[in-house]
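>>> Output the structure for:
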Amino acid sequence: MSRLRTAAALLAAALVTVGLTAPGAPVTPAASAAETHRVLFDNSKAETAGNADWIISTAQPDPLAQNPAPTTDKNWTGALSSWGIALQQTGEYSLKTLPPGGTFTFGTDAPLDLANFDTVVIPEPNIRFSADEKAALMHFVQEGGGLFVIVDHTMSDRNNDGIDSPAIINDLFTNNGVDNTDPFGFSVDLANIPNENPRAVDDPADPVLHGPFGTVTGSIIRAGTTFTLDPADNPEVKGIVYRPGFSGNTGAFFVTSTFGDGRIAAWGDSSPPDDDTGQPNNNLHDGWNDPAGTNAALALNATAWLSEA
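The predicted structure follows:
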């Protein structure tokens, strides 16, 4: 176990299960472990620009300030509220949001420093990470943290600053100052796939496809992209959900890999975790409950795997 996760185990407090079923989640596991898994959702990189609403709650940094005991996806305001509430209801997770104006740090005294978390979720960033932030994120993963990135299709620059999420994540992977040699073994494709239903690979032992929140059979693309794998750079890279007709190193829609003591998961579209309950006047899509995919199980199992839950 890494130093980061050892510290988490020593400092975490035991929570009692609340016994509720999350909206759209196929299974809510009972809280049995003493460790609390700490997850930071990012909203510092224009995740609500334009028509986006990729937050678990408008109460930031602490979603419990909006509702301390949420029971439905409308108890927290945000298109990722179902994701956050499903984790909250297990009693095993502590959730926070890095608000607008915040920056990623690692190893400082800041309350939202990455060293205080097990996993960070970055849902379709629209502002480039600074050099210091890229180094912080890479060191966080290297020391045992979990990184969950979600991208969108190419030319999806929601805040019109000249860069979109595929370019931002590729820049993180290749220009981070810690390891610029394709450390995760995959890159984001500059593609725009309008509408498909990718399928999960047949791997009964995979902890993301068969995890504590249910079995993943597939996902959805509603204007998204894919990833190209390079196992020669990192043999741990693995595509677990693919576009129809694709396999191997191309057409991967959901990817997992490792770096140092940590883990990464990447999703090729922001539509699957969208629960259609965001702020007023946003045109959203209920991918969380879309019957064409098992997106709730995919998001939640991946969070558990990244957090080593």
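>>> what about this protein, any weak spots by pLDDT?
Along the chain, the model assigns pLDDT under 70 to residues 1-34.
>>> Setting the sequence-adjacent residues aside, check what's closest to I122.
D42 (4.6 Å; CB to CB, 6 or more residues apart in numbering). Backbone N, C-alpha and C define where each C-beta goes, glycine included.
>>> what about the helices in the stretch 101-250 of the chain?
When assigned using DSSP state H, counting those that start in this stretch, the helices of the stretch 101-250 of the chain occupy the ranges 131-142, 165-174.
>>> Reformat these as TSV; add distance to N283 and mean neighbour count.
Shown next, in TSV, are these (distance: least, CB to CB, whole Å; neighbours: other CB atoms under 10 Å):
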stretch	distance to N283	mean neighbour count
helix 131-142	30	21
helix 165-174	18	20
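>>> So which of the ones you listed is nearest N301?
Smallest distance to N301 across the helices of the stretch 101-250 of the chain (CB to CB): 18.8 Å, for helix 131-142.
>>> Could you look up the SS state of R38?
Counting by DSSP: H, G, I helix; E, B strand; the rest coil, the backbone at R38 sits in strand.
>>> thinking again about what came up before, got the helices of the stretch 101-250 of the chain as a markdown table, with distance to P231 columns?
Formatted as a markdown table, the helices of the stretch 101-250 of the chain follow (distance: least, CB to CB, whole Å):
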| stretch | distance to P231 |
| --- | --- |
| helix 131-142 | 18 |
| helix 165-174 | 15 |
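>>> nearest to F253, of these?
Closest of these to F253 is helix 165-174, at 13.4 Å (criterion: CB to CB).
>>> what's the angle between the closest one and helix 131-142?
Interaxial angle of helix 165-174 relative to helix 131-142 (axes from the mean of the first three to the mean of the last three CA atoms, to 10 degrees): 70 degrees.
>>> Pull up the gap between S187 and H210, please.
According to CB to CB, to the nearest Å, S187 stands 27 Å off from H210.
>>> okay, the two: which has more neighbours?
S187 (19 against 15; other CB atoms under 10 Å).
>>> any idea how far that one is from E308?
26 Å.
>>> quick one, what contacts N249?
N249 makes contacts with 228-231, 239, as judged by CB atoms under 8 Å, 6 or more residues apart in numbering.
>>> for T228, same thing?
Residues near T228 by CB under 8 Å, 6+ apart: 186-187, 189, 249-250, 252.
>>> How about D286?
274-276.
>>> can you put the residues you listed in TSV and add distance to N75, neighbour count and secondary structure?
Formatted as TSV, these follow (distance: CB to CB, whole Å; neighbours: other CB atoms under 10 Å; DSSP: H, G, I helix; E, B strand; the rest coil):
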residue	distance to N75	neighbour count	secondary structure
D274	17	28	coil
D275	12	27	strand
D276	15	17	coil
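>>> now, among those, which is nearest to D62?
D275 (20.0 Å).
>>> Just to check, the closest one is in contact with T77?
No: the pair D275 / T77 is not scored as a contact, 11.1 Å apart, by CB atoms under 8 Å.
>>> show me the contacts for the residue located most distally from the centre of the chain.
Centroid-distance maximum for the chain: G245 at 25.5 Å, with CA atoms, centre = their mean. G245 makes contact with G251, according to CB under 8 Å, 6+ apart.
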